[in-house]
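In: Dropping a prediction and its sequence here:
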Amino acid sequence: KKEKFSFLNHEEYVSELKKNFVLVDPIERKKTIQRQIKKISNKLNLYIVEDENLLEEVCGLVEWPNALVGRIDNKFMSLPKEVLITAMRTHQKYFSITNHQQEIQPYFVVISNMPRNKIRDKNILIGNEKVLRSRLEDAKFYWDNDRSKNFPGMLNQLKKISYFEGLGTLYDKSVRIQKIVDFISNQLKVKNKDKIKRAALLCKIDLLTGMVNQFPELQGVMGGYYSRNEGKEISSFISGHYLPKGNSGNIPSNIGANILSLADKIDHLSSLFSVGAFPSSSKDPFGLRRSALSIIRILIESNISINIDKIINFSTNLILEKDKDLQKKIKSFIIDRFKVLLKEREMKYDVIDCFVDETSIDLLQIYFKTKKLNSFLKTREGNDLKSLWLRVSSILEIEEKKINNKYGIKIQSKNDLLKQEIKLLEKIESIKETDNFSDMLKQRASLKKVVDDFFEKFQINDPNLSIKQRRLEILSLLRSKLLEIGNLYNLEG
């Protein structure tokens, strides 16, 4: 029976609850758990698998953390590492333990919600080990049963499984993914595309297995294990094709898995958008935002330079031929997620708008340029570039409003140019386009001093209209050189 207590302030409330084995502060509970599992890790000379989400979840489940170490029966240690970790994490809220080689060890950590007591702790462990044993017995049964079947021989069974209303079966989806894989592989000139296409056809078969039915989060992973007779490459493509899962986790480790993942996710977007299953502002039941973000991450983190419009158009044509409105919606959706990712990576919105819009096709190159300009503008040279652009563009904007037209970039007559005008013009004309974007920024920033020197000695609004005209034309040429960087009109003043 718990005793009643009174308190006068928050400090007394926290103190009294602590005496009754309740830690009010979640941060203190979290630190207590971390300290306890670190102590266990050191004692065993092993490593607790880091899992921030599990830590947060357990922290909310207990009032008085008490970390205990249980054992796993050796007969279950032949199960795949991912199966053991998933069974412990998802169903039991246990922390897994590995050695220096990241190999799973026959131990687990459970966070009890009772004060430390040797006899009670022993009974708690006995109970938890029994529950885990039952869970792993099921897993071992599915593991053995699934492996007894001919994995590729199950392909036709996908014809009986509906993918989504109006979108055919999982077999139909697999065929679409295979066609998209072929298209992307051709675009990237990949040599081993036949193996990636084979993986595409087989990648959804593990949805028919008992293990995935028991542990849905192991989709793809189990397909990788069950397809090992197909060869190491095909197995690795299948196991990695669900990665990454949105904004978290690693991307696939090889180009084949990256292509397969891209194909799977672009088909997911094209399919669901084609039947009007759009996400709302608050709900995204089919993970479409996650798929779009995964596509973007694969492209920029795996350095894949490809025309995103061509992929969208090809994938949508497999479902609804030449539906321009559908293609536009998917493109806009991906671009919106791209902007979100760039902002999350601390790029300024005005710099983002210099490069990202509905016409963007190579997200890798745009990401590279946005990141470079964002960093460059923080430097002295970057400040020079921005000042130069704002000065030149504002002068031209004012003068062009007067004539309701833009000044040309070809100087009408060079015969009457002053020496200083010739020097400025030659300096501007010497700046060429280059594939090296960093050099492009530095070259154009270097023009500021020449332009400033010219402005100190001469005025643009010369009383002589022909002189004014040619000077504005020189500035117009300079503006065109600066706009080769990107749409600098979006830079904030």
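Out: Here it is on my side, so go on.
In: Please name the nearest non-neighbouring residue to Val62.
Out: Take Val62 and drop its neighbours on the chain: the residue closest to it by Cβ to Cβ, 6 or more residues apart in numbering is Asn113, 4.2 Å away. No exception for glycine: its C-beta is placed from N, CA and C like everyone else's.
In: That neighbour is in contact with Ala67, isn't it?
Out: No - Asn113 is not in contact with Ala67 according to Cβ atoms under 8 Å; the separation is 11.2 Å.
In: circling back to that earlier point, next, give phi and psi for the residue nearest to Val62.
Out: Main-chain dihedrals, Asn113, degrees, to the nearest 10: phi -110, psi 30.
In: what about Asp362, neighbour count?
Out: For Asp362, the count of nearby residues is 16 (other Cβ atoms under 10 Å).
In: In contact with it, which residues?
Out: 305-308 (Cβ atoms under 8 Å, 6 or more residues apart in numbering).
In: Check what pLDDT the residue nearest to Arg89 when sequence neighbours are not counted gets.
Out: Among residues not flanking Arg89 along the chain, Leu54 sits closest, at 5.6 Å (Cβ to Cβ, 6+ apart). Looking at Leu54, its pLDDT is 95.
In: moving C-terminal of whichever strand or helix holds Leu54, what's the next helix or strand?
Out: Leu54 belongs to helix 52-61 when assigned by DSSP states H and E. Going down the chain from helix 52-61, the next helix or strand is strand 66-71, by DSSP H and E.
In: can you list contacts of that following strand?
Out: With Cβ under 8 Å, 6+ apart, strand 66-71 has contacts from 33, 36-37, 39-40, 44, 94, 106-116, 121, 124-125, 128-129, 132.
In: pLDDT averaged over stretch 225-233, what's the number?
Out: 97.
In: Please identify the buried residues of the strand or helix carrying Asp384?
Out: Element membership for Asp384, per DSSP H and E: helix 380-403. By 16 or more other Cβ atoms under 10 Å, the buried positions in helix 380-403 come out as 381-382, 384-386, 388-389, 392-393, 395-396, 399.
In: Following it in sequence, what is the next regular element?
Out: According to DSSP H and E, the helix or strand after helix 380-403 is helix 419-429.
In: buried stuff in that following helix?
Out: Neighbour-count burial for helix 419-429 [16+ other Cβ under 10 Å]: 421, 424-425, 427-428.
In: Next: stretch 230-237.
Out: For stretch 230-237, the neighbour count (16+ other Cβ under 10 Å) marks 230, 233-237 as buried.
In: Likewise for stretch 477-493?
Out: Buried, per 16+ other Cβ under 10 Å, within stretch 477-493: 477-479, 481-482, 485-486, 488, 491.
In: coming back round to it: from the contact counts, what lies against the helix holding Asp384?
Out: helix 363-376, helix 437-445, helix 447-457, helix 465-483 (3 or more Cβ pairs under 8 Å, 6 or more residues apart in numbering; DSSP states H and E).
In: Pipe the ones you listed into CSV and attach mean pLDDT and distance to Ile312 per row.
Out: Shown next, in CSV, are the helices and strands packed on helix 380-403 (pLDDT from 0 to 100; distance: least, Cβ to Cβ, whole Å):
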stretch, mean pLDDT, distance to Ile312
helix 363-376, 97, 12
helix 437-445, 94, 26
helix 447-457, 88, 39
helix 465-483, 88, 27
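In: Out of these, flag the one nearest Glu28.
Out: Distance to Glu28, taken as Cβ to Cβ, is lowest for helix 363-376 among the helices and strands packed on helix 380-403, at 39.0 Å.
In: now for that closest one, which elements pack on it?
Out: With 3+ Cβ pairs under 8 Å, 6+ apart as the test, helix 363-376 has helix 288-301, helix 324-344, helix 349-355, helix 380-403, helix 437-445 packed against it.
In: Redo the ones you listed as JSON lines? Include distance to Thr90.
Out: Shown next, in JSON lines, are the helices and strands packed on helix 363-376 (distance: least, Cβ to Cβ, whole Å):
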{"stretch": "helix 288-301", "distance to Thr90": "19"}
{"stretch": "helix 324-344", "distance to Thr90": "27"}
{"stretch": "helix 349-355", "distance to Thr90": "37"}
{"stretch": "helix 380-403", "distance to Thr90": "48"}
{"stretch": "helix 437-445", "distance to Thr90": "45"}
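In: Indicate which one of those is closest to Ser248.
Out: Smallest distance to Ser248 across the helices and strands packed on helix 363-376 (Cβ to Cβ): 9.6 Å, for helix 288-301.
In: Let me see the contact set for Ile111.
Out: 33, 58, 61-62, 65-68, 93, 95.
In: can you tell me which of those lies nearest to Ala277?
Out: Distance to Ala277 across these (Cβ to Cβ) is lowest for Lys93, with 33.0 Å.
In: Tell me which helix or strand Ile312 sits in.
Out: Short version, using DSSP H and E: Ile312 is in helix 308-317.
In: Tell me the spacing between Pro463 and Arg444.
Out: From Pro463 across to Arg444, the span is 31 Å (Cβ to Cβ, to the nearest Å).
In: who has more neighbours, these two?
Out: Arg444 (22 against 7).
In: hang on, the earlier thing: let me know the angle separating the helix holding Leu54 from strand 66-71.
Out: 120 degrees (axes from the mean of the first three to the mean of the last three Cα atoms, to 10 degrees).
In: neighbouring contacts of helix 52-61?
Out: In contact with helix 52-61 (Cβ under 8 Å, 6+ apart) are residues 26, 29-30, 33-34, 65, 89, 93, 95, 111, 113.
In: where do the strands sit along the stretch 51-200 of the chain?
Out: 66-71, 95-98, 104-112 (DSSP state E, counting those that start in this stretch).
In: Please consider this matter closed, and thank you.
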